[in-house]
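Asks: Just the structure for this:
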Amino acid sequence: MVAMSTNPLAGLLRKSPFKPIQEHMRTVFSCVMLLPALFDALYRKEQGEVTELAGQIGVLETEADGIKATYRHNMPKTLLLPVDRKDLLSLIHEQDSVADGVEKISQLLVNRDMTVPDAIKGGLDELLEGTMEIITQAKNMIEELDELVHVGFSGREHDKVSRMIDGVRKSEHNLDKILKKVNRTLFSVEKELDPVSVMFWYRIIEEVGNLSDHAENMADRLLLFLSK
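Replies: As a prediction, this is how the structure comes out:
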């Protein structure tokens, strides 16, 4: 059900169309922050803990969905800003896709009792570390939106956000390399593993990689804001 306009976020939207986006990103970030603990529990073969963390992720993903629904429901048809309505909706959609992706990963780990192949542990850790870094960069970038509006999308703040966008895009490029390396490693040992587990691991690795793609898409949306 779409939240009613009495929701406090609706009041935030009337003040600034960026406030709810920032609130949404904080919830998404809280969701992503559970990923390291989720995989740590997996490494330790604590399936009960994996299930518990997946439940927490599900709660946060639902909360993020609610914020997005309220935002879309209360978004005015026109904005007195040099930003298109559709671009703002696209930005919050990309953010929400990050939370969706984390939930997909958690459910894959809950629905099948997975064992991490020793060969990919190092690469998987590197991929997770890089993912946490790029999502943190994306969150910091979103936190600058209010200040960016305050200075009229210009000056030092414009340059600062531009550098942050470049940082996200470079990080995504680096993560692509790590992703390919992990997939190659998995391919090299897949004959030694259960075929169904191999399929699931390719899917999990892909879903982790998708998180950085969404972060880059967020950066691209902000680049549109700066170019108008």
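
Asks: so where's this protein shaky on pLDDT?
Replies: Scanning the chain for pLDDT under 70 picks out the ranges 1-15, 77-82, 150-154, 228.

Asks: Any idea which residue is closest to the centre of it?
Replies: The chain has V98 as the residue nearest its centroid, 2.9 Å off, counting by C-alpha atoms, centre = their mean.

Asks: Check which helices and strands the helix or strand that one falls within sits against.
Replies: In the assignment (DSSP states H and E), V98 maps to helix 85-111. Counting contacts by 3 or more C-beta pairs under 8 Å, 6 or more residues apart in numbering; DSSP states H and E, helix 85-111 is packed against helix 19-32, helix 35-43, helix 47-74, helix 118-143, helix 195-227. Using the backbone N, CA and C atoms, a C-beta is placed for each residue, glycine as well.

Asks: Distance of the residue nearest to the centre of the chain relative to I142?
Replies: 11 Å (C-beta to C-beta, to the nearest Å).

Asks: The longest helix seen in the chain packs against which elements?
Replies: Longest helix of the chain, by residue count under DSSP state H: helix 155-189. Judged by 3+ C-beta pairs under 8 Å, 6+ apart, helix 155-189 is in contact with helix 118-143, helix 145-150, helix 195-227.

Asks: If you count neighbours, what's buried in it?
Replies: 157-158, 161, 164-165, 167-169, 171-172, 175, 178-179, 182-183, 185-186 (16 or more other C-beta atoms under 10 Å).

Asks: what residues are up against L127?
Replies: Contact partners of L127, counting by C-beta atoms under 8 Å, 6 or more residues apart in numbering, are L175, I178, L179, V182, I205, V208, G209.

Asks: closest to V149 among the residues you listed?
Replies: Among these, L175 lies closest to V149 (C-beta to C-beta), at 29.6 Å.

Asks: Now do that closest one against T131, distance only.
Replies: For L175, the distance to T131 - C-beta to C-beta - is 7 Å.

Asks: okay, and the common contacts of these two?
Replies: S212.

Asks: R156 and A219: what is the separation?
Replies: Counting by C-beta to C-beta, the gap from R156 to A219 is 19 Å.

Asks: residues near the residue nearest to M75 when sequence neighbours are not counted, how many?
Replies: In space, M75 comes closest to R85 once its chain neighbours are excluded; the distance is 6.2 Å by C-beta to C-beta, 6 or more residues apart in numbering. R85 has 14 neighbouring residues, counting by other C-beta atoms under 10 Å.

Asks: Tell me, how many residues neighbour the closest residue to F29 other than its chain neighbours?
Replies: Nearest non-adjacent residue to F29, counting by C-beta to C-beta, 6+ apart: K139, 4.7 Å away. K139 has 20 neighbours, counted by other C-beta under 10 Å.

Asks: My understanding was that K139 contacts R26; is that so?
Replies: Yes: using C-beta atoms under 8 Å, K139 makes contact with R26 at a distance of 7.3 Å.

Asks: circling back: looking at the contacts of L127, which is nearest A69?
Replies: V208 (26.2 Å).

Asks: can you pull the contacts of the closest one?
Replies: G101, I105, L127, L128, T131, L179.

Asks: SS state for P76?
Replies: With DSSP: H, G, I helix; E, B strand; the rest coil as the basis, P76 sits in coil.
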